[in-house]
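Engineer: mind looking at a prediction? Sequence and model below.
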Amino acid sequence: MNDLSQVTEEFRRFIVGICNTDPGQIVADGKWHRFRITDTRHKSSKPGRYLLHPDGKANGIFMDWRDEVRHKWRSDGTYDSIDREELRRRREQRQAKLDASFRKAAAAASAFWSQCIRINGKSHPYLDRKKISPNGSRYGSGKMFGLGDVECVIIPIYSAENKLVTVQAIREDGERRFWKDSSHEGAHSVIGADDGASPVIFCEGFATACSIHEATGHPVVMTINSGNMTQVARWAGHKFAGRDMIVAGDDDWHLIDKKPFRNVGKESAQAMARALGARVIFPDMFGLVTDGGDDFNDMADHYGLEEVAALFAAPGEPEEKELGEKLVTATPFTWRDPSLIPPRQWVYGKHLLRKFVSVDVAAGGVGKSSLKIGEALAIASGRDIYEKGLPEGACSVWLFNLEDPHEEMERRIHATAEKFGIAPEELGGRLYVDSGRDQPLVIAKEGPDGAMICAPVVDALIAEMIDRKIDVLMVDPFISSHAVSENDNNAIDIVAREWNLIAEKTGAAINLVHHVRKGNGVEATADSARGASSLIGKARSVLVYNRMSPDEAASLGVDEDVRRFHFRVDNDKANLAPPDATDWYRMNNVDLPNGDSVGVACAWEPPSLFDGVTKQHLMQVQFKIAEGSWRESSQAKAWAGHPVGEVLGIDSHDKKNARRISRLLKTWVSEGVLSVVDDYDERRNLRSFIVVGREVE
């Protein structure tokens, strides 16, 4: 790999695969370069770092300083890293540590607030300069905020649940700071009493909020800054539903010609107004050009509170809500001929259904990924190799394996196609295959307020599925399709709901492959699925994979040395169709021309207990049993299985044959053609014997 552009592209993909963030154009100069990672809490923080040496055998390092892990990459395709689960564990630990820090800071801020001096009659230089009243603020030392040992105005900041999370200190010159290590995202402070009926006004800063409240008498929600407006809107719309809401925006006209080269105050206020379906109002400076941006405190300072009050009293139209005026509507049911209702659109068996999510649950190494490849080839080719049913015939399939490299996928696909004799032309361009190592597929991540959907990724996925006319999307494994805590039921519910929305919007069947918890050999069920249960709750069909147990092998006559190659699949949740019977599969090796031996999942039919056994055989068994005294115990010398073996012509002393004979005897006893009775043996010990039951017709 000598071409520099190829080297940088491969290294860029390596970074994306680890942190799910594109670092942009890679600079290959052997120096450290920083970039922002998508889950970074603060926009100014750039925890992602990389360096790339292009000379000779190119090599590079990527690290997220929050994880303290160096991921080394080399141009020969090898790399040193830690697995995704370890990264997830470290990130969860980091988040837990951060949350603990926020709680500790909130407690300290609350204690500080309780010790601050109430402003009664006394003023402060900052309040005097802004021409505002204290409005519930207090005095306190700025020393704890790094503002010096001076008296500052202290403002309490609350969460959406009205719990104090931090305090803000404002010095005489307007410099302001929050309590160290605290969080204020989505937080607010209310200026003025709320009677539950008056209009609610939203604005950015404290002085602006005070001026608006003093002019209108209405309660004012201070969002702290423009960037926090949309965060506050998330909960304010529900809390103040049915109330007249007004967003009072700042006019940051002075920022249009310098960074960030846009009117941030106006844009943020308009966005909040759209989210709330509220009116938006900006200060009117009546042509006066000030030194900087304008807010309602500036307007009150120049023209008085009466003009501010008049502006808010003037009629105005609210912004159209982004989600429409009515968030919830009741739709009357319309009766129609049931024959006109479109039937369910099954794509594969009674498991994969258009517009729905299905889930496959299995432990690692059972054979689920191999079976998924076989099913993908069956659907794409229209060849029902597992005899499950293809109601629509051949359909397009997108197989997205988020763990295995593309080369491993190629091996398995070629081996499966060779095993079942599927030619490339039979696929007709309907098979799409991607690896998470080349392009990650993460539709959700942890945000400041919990799980959040990665809208650009989802939109791109939907667009590609529609453009390619994808009928079935298989994602293996589910855990790699998101970056939220797998044990958080609310977070997983958001992810699962999004997958259902993707299925609905694309009209495709979506199949998510999921792992089970460590069960120490206990048989897996749908409830064994790893992490939160909400994924199973959102699925309309759940298949569960289990390796053949020793007891099953014994009863089916499978030798112990090949038992591990067999597994069964049961539908543990079938909401929209009767559950299928148990399906058995066996992993068979296929040797590829390159020398690799690859396991392929093949349908396996358990041998019938009564293969080769006729009614005449049973009649002969009854005759033999009637001639002697035969014990029920297989350990007894006179075991009833010996005459059965004699009649069938098999060695009853062979363990495999003995297991089958035992099952035959139990079946015949249950059907009444043989019976078990207790009697004394020749030594007068009470034993169980098998005798002839009802006559065979």
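Structural biologist: Sure thing, it's come through. Residues are numbered from 1 along each chain as shown.
Engineer: so where's the stretch 501-650 of the chain shaky on pLDDT?
Structural biologist: 519-521, 573-581 (pLDDT under 70).
Engineer: so where do the strands sit in the stretch 1-150 of the chain?
Structural biologist: 33-35, 48-53, 59-64, 69-74, 79-80, 117-118, 138-141 (DSSP state E, counting those that start in this stretch).
Engineer: domain parsing of the protein, as residue ranges.
Structural biologist: 4-82, 93-313, 357-603, 615-692 (automatic domain parsing).
Engineer: return the most buried member of the strands of the stretch 1-150 of the chain.
Structural biologist: strand 59-64 (a mean of 22; mean count of other Cβ atoms under 10 Å). For the C-beta atoms, the positions are set from N, CA and C on the backbone; glycine is no exception.
Engineer: helices or strands up against it?
Structural biologist: With contacts defined as 3 or more Cβ pairs under 8 Å, 6 or more residues apart in numbering; DSSP states H and E, strand 59-64 has these neighbours: helix 4-19, strand 48-53, strand 69-74.
Engineer: between it and strand 69-74, how big is the angle?
Structural biologist: 160 degrees (axes from the mean of the first three to the mean of the last three Cα atoms, to 10 degrees).
Engineer: mind checking how far strand 59-64 is from the chain centre?
Structural biologist: Distance of strand 59-64 from the chain centroid (Cα atoms, centre = their mean, to the nearest Å) equals 27 Å.
Engineer: thinking again about what came up before, can you put the strands of the stretch 1-150 of the chain in JSON lines and add distance to Ala278 and mean pLDDT?
Structural biologist: As requested, the strands of the stretch 1-150 of the chain are exported to JSON lines (distance: least, Cβ to Cβ, whole Å; pLDDT from 0 to 100):
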{"stretch": "strand 33-35", "distance to Ala278": "36", "mean pLDDT": "90"}
{"stretch": "strand 48-53", "distance to Ala278": "37", "mean pLDDT": "90"}
{"stretch": "strand 59-64", "distance to Ala278": "39", "mean pLDDT": "87"}
{"stretch": "strand 69-74", "distance to Ala278": "45", "mean pLDDT": "81"}
{"stretch": "strand 79-80", "distance to Ala278": "51", "mean pLDDT": "51"}
{"stretch": "strand 117-118", "distance to Ala278": "33", "mean pLDDT": "86"}
{"stretch": "strand 138-141", "distance to Ala278": "30", "mean pLDDT": "93"}
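Engineer: could you dump the ones you listed to TSV with distance to Gly277?
Structural biologist: Shown next, in TSV, are the strands of the stretch 1-150 of the chain (distance: least, Cβ to Cβ, whole Å):
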stretch	distance to Gly277
strand 33-35	37
strand 48-53	38
strand 59-64	40
strand 69-74	46
strand 79-80	50
strand 117-118	37
strand 138-141	35
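Engineer: and the helices in the stretch 151-300 of the chain, which stretches?
Structural biologist: Along the stretch 151-300 of the chain, the stretches classed as helices by DSSP state H, counting those that start in this stretch are 206-216, 229-239, 264-276, 296-303.
Engineer: out of the helices and strands packed on strand 59-64, nearest to Asp173?
Structural biologist: Comparing these against Asp173 with Cβ to Cβ, the closest turns out to be strand 48-53 (36.0 Å).
Engineer: list of residues touching that closest one?
Structural biologist: 7-8, 11, 15, 19, 21, 23, 26-37, 58-65 (Cβ atoms under 8 Å, 6 or more residues apart in numbering).
Engineer: what angle sits between that strand and strand 59-64?
Structural biologist: Using the same axes, to 10 degrees: strand 48-53 against strand 59-64 is 170 degrees.
Engineer: tell me the angle of strand 48-53 relative to helix 4-19?
Structural biologist: Using the same axes, to 10 degrees: strand 48-53 against helix 4-19 is 150 degrees.
Engineer: neighbouring strands of strand 48-53 in the sheet, and parallel or not?
Structural biologist: Partner strands for strand 48-53, per DSSP bridges, with pairing direction: strand 33-35 (antiparallel), strand 59-64 (antiparallel).
Engineer: can you list those in TSV and add distance to Val264?
Structural biologist: As requested, these are exported to TSV (distance: least, Cβ to Cβ, whole Å):
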stretch	distance to Val264
strand 33-35	23
strand 59-64	29
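Engineer: is it possible to get JSON lines of the helices and strands packed on strand 59-64 that adds distance to Gly450?
Structural biologist: Shown next, in JSON lines, are the helices and strands packed on strand 59-64 (distance: least, Cβ to Cβ, whole Å):
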{"stretch": "helix 4-19", "distance to Gly450": "20"}
{"stretch": "strand 48-53", "distance to Gly450": "23"}
{"stretch": "strand 69-74", "distance to Gly450": "25"}
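Engineer: isn't Glu185 right up against Gln231?
Structural biologist: Yes: using Cβ atoms under 8 Å, Glu185 is in contact with Gln231, at 5.5 Å.
Engineer: please, where are all the strands along the stretch 401-550 of the chain?
Structural biologist: 431-435, 444-447, 450-453, 472-476, 509-515, 541-547.
Engineer: now do the last one against strand 509-515, angle only.
Structural biologist: This points to strand 541-547. Per the same axes, to 10 degrees, the angle that strand 541-547 makes with strand 509-515 is 40 degrees.
Engineer: can you list contacts of strand 541-547?
Structural biologist: Taking Cβ under 8 Å, 6+ apart as the rule, strand 541-547 contacts 350-353, 356, 358-363, 366-368, 371, 523-526, 528-529, 536, 563-564, 566-577.
Engineer: could I get stretch 553-567 in CSV with only the CA atoms?
Structural biologist: What follows is stretch 553-567, C-alpha atoms only, in CSV (Å, rounded to 0.1, in the frame of the first residue of the first chain):
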residue,chain,number,x,y,z
ALA,A,553,-28.2,-36.0,21.3
ALA,A,554,-28.9,-39.2,23.3
SER,A,555,-32.6,-39.2,22.5
LEU,A,556,-31.9,-38.5,18.8
GLY,A,557,-29.1,-41.0,18.4
VAL,A,558,-26.4,-38.4,17.7
ASP,A,559,-22.9,-39.2,18.8
GLU,A,560,-21.4,-36.9,21.4
ASP,A,561,-18.3,-36.1,19.2
VAL,A,562,-20.6,-34.5,16.6
ARG,A,563,-23.3,-33.1,18.9
ARG,A,564,-21.8,-29.6,18.9
PHE,A,565,-22.3,-29.3,15.1
HIS,A,566,-26.1,-29.4,15.6
PHE,A,567,-28.5,-26.6,16.7
